[in-house]
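J.: build me a model:
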Amino acid sequence: MTFPTLTRRAALLLAALALAGCGSLGGKPDIAAEPIHVMTSGGFTAAYNELTPGYEKANGRKVQTAYGASMGAASDSIPSRLARGEPADIVILARPALDALVAQGKVVSGSQVDLVRSSIGFAVRTGTPKPDISTVDALKRTLLAAPSIAYSASASGTYYETELLKKLGIEDQVKPKSKRILSERVGTVVARGDAALGLQQVSELLPIKGIDYIGPLPAEVQRVTVFSAGIATGAKQPEAARQLIRYMNSPAAAPVIERTGLEAIAARGP
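T.: As a prediction, this is how the structure comes out:
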């Protein structure tokens, strides 16, 4: 019998919703309410996509989502979307990029809430040999031997092209055969054979079909990125936005977050 386990899990999620102030068990949901507009970057997407339906079902309020990179000038990046004036109540992206938006007046100062820690990893196309990246020396050999490497246009890719290759002392040999991927998951590029090796946040590699995850960067050269949420200065639903952030940051959300390759930060919401 599994009913006790399911009951406990349901109770935890309902408790999280009640703590967030978004439970609607005592009355009918306001179906006419405006949706909460969220912009989220890839690092948190897998967890976000699992968590959001539970919020919508319990609260009766819809969440409308736009996806994009934390940084960069791609047309669908979060900074570009905000610059165009696209609607946003919540933005979820790498903490340095979020803080930059605060400095630009795009996000409310003091509203930032750290949600998860995210590590960088590598993947290859399914069915191809998995190279060794378990040590720094092994990683250097693998990068030198790879015929082509794809990396993201966001936080992990910025680290790769501006710091990692320099640390390894192989920038001149490896950067010319590396391709920065805009507006697409690195894993998708690897899956169709357009790159032999792909680097991105682990949580962005794991959901992609057609690739095999190799593992994370060695600890000595790993770069852990904190992904955080903030309230947009133009938010039309600021209180509902805070409620949703508390829900995503609750202990009950942690199992979903961990399953998607992230480390939950069970801090208190704004």
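
J.: check the gap between Ile211 and Ala235 for me.
T.: According to C-beta to C-beta, to the nearest Å, Ile211 stands 37 Å off from Ala235. Backbone N, C-alpha and C define where each C-beta goes, glycine included.

J.: okay, these two: which has more neighbours?
T.: Between Ile211 and Ala235, counting by other C-beta atoms under 10 Å, Ile211 is the more crowded of the two (25 against 22).

J.: look up which residues are beta-bridged to that one.
T.: Ile211 has these beta-bridge partners by DSSP bridges: Arg125.

J.: wait, it sits on Gln200?
T.: No. With the criterion set as C-beta atoms under 8 Å, Ile211 and Gln200 do not qualify as a contacting pair; they are 10.3 Å apart.

J.: so what sits against both of the two?
T.: Shared contacts of Ile211 and Gln200 (C-beta atoms under 8 Å, 6 or more residues apart in numbering): Ala123, Gly187.

J.: so Ala150 is in which element?
T.: According to DSSP states H and E, Ala150 maps onto strand 149-152.

J.: what does that strand rub up against?
T.: Applying C-beta under 8 Å, 6+ apart, the external contacts of strand 149-152 come out as 42, 69, 143, 157, 160-161, 174, 177-181, 186, 189-190, 194-201, 204.

J.: and for stretch 132-143?
T.: With C-beta under 8 Å, 6+ apart as the test, stretch 132-143 has contacts from 122, 131, 149, 165, 168-170, 174, 197, 214-215, 217-218, 220-221.

J.: repeat the analysis, applying 10 Å as the threshold.
T.: Under the contact criterion C-beta atoms under 10 Å, 6 or more residues apart in numbering, stretch 132-143 has outside partners 121-122, 124, 130-131, 149, 160, 164-165, 167-170, 173-174, 177-178, 197, 199, 214-221.

J.: just checking, what packs against whatever helix or strand Ile245 lives in?
T.: Ile245 belongs to helix 238-248 when assigned by DSSP H and E. Helices and strands touching helix 238-248, as assessed by 3 or more C-beta pairs under 10 Å, 6 or more residues apart in numbering; DSSP states H and E, comprise helix 3-19, strand 36-40, helix 42-59, strand 90-94, strand 113-118, strand 225-231.

J.: got the buried residues for it?
T.: Pro238, Ala240, Ala241, Arg242, Gln243, Leu244, Ile245, Arg246, Tyr247, Met248 (16 or more other C-beta atoms under 10 Å).

J.: got JSON lines for those, with distance to Leu51 and pLDDT too?
T.: Putting the buried residues of helix 238-248 into JSON lines (distance: C-beta to C-beta, whole Å; pLDDT from 0 to 100) gives the following:
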{"residue": "Pro238", "distance to Leu51": "20", "pLDDT": "95"}
{"residue": "Ala240", "distance to Leu51": "15", "pLDDT": "94"}
{"residue": "Ala241", "distance to Leu51": "15", "pLDDT": "96"}
{"residue": "Arg242", "distance to Leu51": "16", "pLDDT": "96"}
{"residue": "Gln243", "distance to Leu51": "13", "pLDDT": "94"}
{"residue": "Leu244", "distance to Leu51": "9", "pLDDT": "96"}
{"residue": "Ile245", "distance to Leu51": "11", "pLDDT": "96"}
{"residue": "Arg246", "distance to Leu51": "12", "pLDDT": "94"}
{"residue": "Tyr247", "distance to Leu51": "7", "pLDDT": "94"}
{"residue": "Met248", "distance to Leu51": "6", "pLDDT": "95"}
